[in-house]
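Quick one, fold the following:
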Amino acid sequence: MYSAERALFEIRQGRPIWVKPEEGLGPKVSSILAPVENLTESYLNDLRDLSNTGLRLVITHNRAESLGVQTLTTSDGPPKAISIILEPTCDMDQLMLLAFGINQSKDLELGPASRSESISLSLLRLVRLIPAVVSCPVEDNLQETAEGFAKKHDILTTTASEIIKLTNSANSTITKISEATVPLKGMIDTRFILFRESNTLFEHLAVLVGNPEQWEDPVPIRIHSACLTGDLFNSLKCDCGEQLHKSLDYFCENNGGVFLYLNQEGRGIGLSNKLRAYQLQELGLDTIDADCALGFQSDERDYNVGMKMLHELEVNRILILTNNPDKLNWAKNAGLEVIGRMPLYGEPNEYNLPYVRTKIERAGHFLEEMIAQRPNNHPVTVLPEQSS
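Purely as a prediction, here's the structure:
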């Protein structure tokens, strides 16, 4: 998996990688893959000069649908990646428009994305770049030329199977890196513990409020995805900052609890793409369609890391503060005893209401009472006893 780990950091820097096939798995066609987001006109021309079959733009199925193209289907549903044959005259402006711009392009020439091309998109999503790559297929008659090109440009090689191992969150481990007492206003007895993921080196924070020996049973917990705009700047477009502060207030009033602050800005797409999604929302898309138009899933978050953090903290019976059914399901599937759920409502306003309504209607969040603007007194919902 070492080559894939190096490939991850190459991709993060916007550098191309060469994904080669494994022995005995299908045709021997590999691909040199360059992330669109950091590609230059000069490098695009270099790739075009190398190719003898033409370049392709590889995008996700979600992005293809947003372009209005009729996507290919397979026996088990739509493909996860689509290959668009690029015109020889396609320049960077046209390429960027295809990758994450706003347009409807129904006359594009489509082809099936190879296994290597499809899997490479998972690396980009993992490092929160736009999931779109320019692919230069390398067939047998191009191997020697491609080797020289790769040497000249210091292109790293890896395999599809190595990438799969790396991007599977179940294979990622977390390590406790550091901890310290950090007194907060109204919560003097508070400890911060920082964990780091092995596959991405992303860092996540566990905030332990109060003395663990005096915590209630079940332990109140909040799994909170970082939101710079809401948590720090009090953005009116979401209710994240209000949920953060109401969670900490609840812990302060109820003998403490655990606040997990996960590095998953913008439902896992990162701050740069979150701002891009905001631009698309200004043009009329809702929060889910905007993410999909950028090539992402409706929710890219993976709560495995949060479950592992709770395991490290030896927290097993929980009262979860959330409106999100996905968090309940992740906790139950991780073997935690979810004894109850407490909702967290922000104040509705003209800027966050479209966002809240979309979460209710399309993601199943428990936010109807927030829309109804009922009194801010939210009882705990005791969940049915879990089967063993």
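
Please count neighbours and contacts with C-alpha atoms only from this point.
OK.

Poorly predicted segments of the chain, please.
Within the chain, the segments meeting pLDDT under 70 span 1, 22-28, 70-79, 104-106, 169-170, 373-388.

Would you map out the domains in it?
Using automatic domain parsing, the domain parsing of the chain gives 2-167, 170-264+301-382.

Mean neighbour count added to those domains, as a markdown table?
Below are these laid out as a markdown table (neighbours: other Cα atoms under 10 Å):
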| stretch | mean neighbour count |
| --- | --- |
| domain 2-167 | 18 |
| domain 170-264+301-382 | 17 |
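
Would you check that Ala293 makes contact with His61?
No: here Ala293 lies out of contact with His61, judged by Cα atoms under 8 Å, at a distance of 9.8 Å.

Any idea which of the domains of the chain gets closest to Asn273?
Distance to Asn273, taken as Cα to Cα, is lowest for domain 2-167 among the domains of the chain, at 7.5 Å.

Quick one: end-to-end length of the closest one, please.
13 Å (Cα to Cα, to the nearest Å).

Return the distance of it from the chain's centre.
Put simply, domain 2-167 sits 19 Å off its chain's centre (Cα atoms, centre = their mean, to the nearest Å).

Am I right that Val69 sits in a strand?
No: applying DSSP: H, G, I helix; E, B strand; the rest coil, one finds Val69 to be coil, outside a strand.

which one in the chain is furthest away from the centre?
Asn141 (37.7 Å; Cα atoms, centre = their mean).

Which phi and psi values does that residue adopt?
Note on Asn141: backbone dihedrals following degrees, to the nearest 10 are phi -70, psi 0.

Contacts only, for it.
Applying Cα atoms under 8 Å, 6 or more residues apart in numbering to Asn141 gives no contacts.

can you tell me how far it sits from Leu123?
Distance check for Asn141 against Leu123: by Cα to Cα, it reads 28 Å.

ok, the residue lying closest to Gln243 once chain neighbours are set aside - contacts?
In space, and not counting its chain neighbours, Gln243 is closest to Leu344: 5.8 Å by Cα to Cα, 6 or more residues apart in numbering. Going by Cα under 8 Å, 6+ apart, Leu344 touches Gln243, Lys246, Ser247, Leu321, Thr322, Asn323, His378.

and the closest residue to the second one other than its chain neighbours, which of the three is it?
What that stands for is Lys246. Counting by Cα to Cα, 6+ apart, the nearest residue to Lys246 once its immediate chain neighbours are dropped is Leu344, at 7.2 Å. Three-state call for Leu344 (three-state DSSP): coil.

How about Ser178?
Under three-state DSSP, Ser178 falls in the strand class.

repeat for Leu98
Leu98 - assigned by three-state DSSP - is helix.

State the distance from the spatially closest residue to it that is not a sequence neighbour to Ile371.
Excluding its sequence neighbours, the residue lying closest to Leu98 (Cα to Cα, 6+ apart) is Leu67, at 7.8 Å. As for Leu67, its distance to Ile371 is 32 Å (criterion: Cα to Cα).

For Gly270, which residues are in contact?
Arg128, Gln264.

Could you measure from it over to Met370?
Separation of Gly270 from Met370 (Cα to Cα): 26 Å.

Please look at Leu47 and Val138 and confirm they touch.
No: with contacts defined as Cα under 8 Å, Leu47 does not count as touching Val138, sitting 10.9 Å away.

Would you agree Met309 falls within a helix?
Yes: counting by three-state DSSP, Met309 is part of a helix.

quick one: contacts for it?
Ile174, Phe195, Ala206.

May I have the helix or strand harbouring the second one exported as CSV, CA atoms only?
Secondary structure assignment for Phe195, by DSSP states H and E: strand 190-197. Output in CSV follows, covering the C-alpha atoms of strand 190-197 (Å, rounded to 0.1, in the frame of the first residue of the first chain):
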residue,chain,number,x,y,z
THR,A,190,-12.3,20.3,29.7
ARG,A,191,-9.7,18.2,28.0
PHE,A,192,-8.8,18.2,24.3
ILE,A,193,-7.4,15.0,22.7
LEU,A,194,-6.2,15.0,19.1
PHE,A,195,-6.3,11.9,16.9
ARG,A,196,-4.7,11.5,13.4
GLU,A,197,-5.9,9.2,10.7
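
Sheet partners, orientation included, of that strand?
Paired neighbours of strand 190-197 in the sheet (DSSP bridges): strand 174-181 (antiparallel), strand 203-209 (antiparallel).
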